[in-house]
Every structure is written in structure tokens, then in C-alpha cells.
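A.B. asks: build me a model:
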Amino acid sequence: MPGLSIHVVDVSRGIVAAGMAVEVAFMPDGGARHVLANGTISSKGTLDHPALAATLAAGRYQAVFQLGAYYRAASVGIPDVPFLDTVTYDFGIADPSQHYHLPFKCTPWGYSCFRGGA
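C.D. replies: Numbers count the residues shown, from 1 in each chain. Model (predicted):
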């Protein structure tokens, strides 16, 4: 099944990051950035958006995770100027027939994002 899936886990608290705002954009060479999906992480830890279930074009993409706002809303004690506020992850899709899964693991002080198995 082609497309893109995103799963976000707040490893500092051992829970999925339900409510975290995430945006996914396509960035064509020489073209304007085009937002494909914009939403919040569900109670399952996923960004559920129909545009991500479609076959995506080969090219450059960007996922933007709103960590600072998520931790503030969860009443996690972070500084007024957080170490991580907005995390931007640029990645490429080379073969649109494949499924691309992005597990995103985060704390207020660090994160990991990689291509995982779906």
C-alpha cells in the first residue's frame, strides 16, 4: 500500500503524543511548498489524513512537528524558550509505489525520526 504514515510517541512520558499538531508538505524542485496534510496526532498516535493514504509523487517532503505547543498543552514543565519548539524533518520519496512510515519519538530535549516499517 503506497502513501505515508506518521506515528508519534512521547517517550519522556511513555505515551502516544495525542494532540500534537503536525503538518506535511510537498516541496517540488523550483516550486512553492504545498501543504498536503495538517492535523493533530490521534489517540492511536497517528496522523490520520486522507491525503497521506494516496500515492504520493516522487520528490522532497517536509514534516513539521509542534513539540513546544504539545508539551505546554500537556503541562510539562518546559522553559519559556523551549529547547525544541518546532521540529522540521525533511525527507524524500524515491519510489511512490512503496509505503513510507515515519516513526517520530520525542522528549522536550530530543527526538528521533526515521523511515520505519509499516
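A.B. asks: can we go C-alpha only for contacts and neighbour counts from here?
C.D. replies: Fine.
A.B. asks: list the contacts of the helix or strand bottoming out on mean pLDDT in the chain.
C.D. replies: Sorting the helices and strands of the chain by mean pLDDT, DSSP states H and E puts helix 50-53 at the bottom, at a mean of 94. For helix 50-53, contacts defined as Cα atoms under 8 Å, 6 or more residues apart in numbering pick out Pro2, Gly3, Leu4, Ser5, Leu36, Ala37.
A.B. asks: switch the cut-off to 6 Å
C.D. replies: Gly3, Leu4 (Cα atoms under 6 Å, 6 or more residues apart in numbering).
A.B. asks: with stretch 1-17 instead?
C.D. replies: By Cα under 6 Å, 6+ apart, stretch 1-17 touches 45-47, 52-56, 97-107.
A.B. asks: mind running it again at 7 Å?
C.D. replies: Under the criterion Cα atoms under 7 Å, 6 or more residues apart in numbering, residues 41, 44-47, 52-56, 96-107 lie in contact with stretch 1-17.
A.B. asks: try stretch 24-34
C.D. replies: Val35, Leu36, Ala37, Asn38, Gly59, Arg60, Tyr61, Gln62, Ala63, Val64.
A.B. asks: one more time with 10 Å
C.D. replies: By Cα atoms under 10 Å, 6 or more residues apart in numbering, the list of residues contacting stretch 24-34 from outside reads 4, 6, 35-39, 47, 51-52, 56-65, 88-92.
A.B. asks: neighbours of Val64, how many?
C.D. replies: Applying other Cα atoms under 10 Å, we find 16 residues neighbouring Val64.
A.B. asks: 35 is where my numbering starts, stick with that
C.D. replies: All set: I'll call the first residue 35, so the last point we hit is now Val98.
A.B. asks: count of residues packed around the nearest residue to it once chain neighbours are set aside?
C.D. replies: Spatial nearest neighbour of Val98, chain neighbours left out: Thr122 (4.5 Å); criterion: Cα to Cα, 6 or more residues apart in numbering. For Thr122, the neighbour count with other Cα under 10 Å is 14.
A.B. asks: what about the helix or strand where Thr122 lies, average pLDDT?
C.D. replies: In the assignment (DSSP states H and E), Thr122 maps to strand 120-127. For strand 120-127, mean pLDDT rounds to 96.
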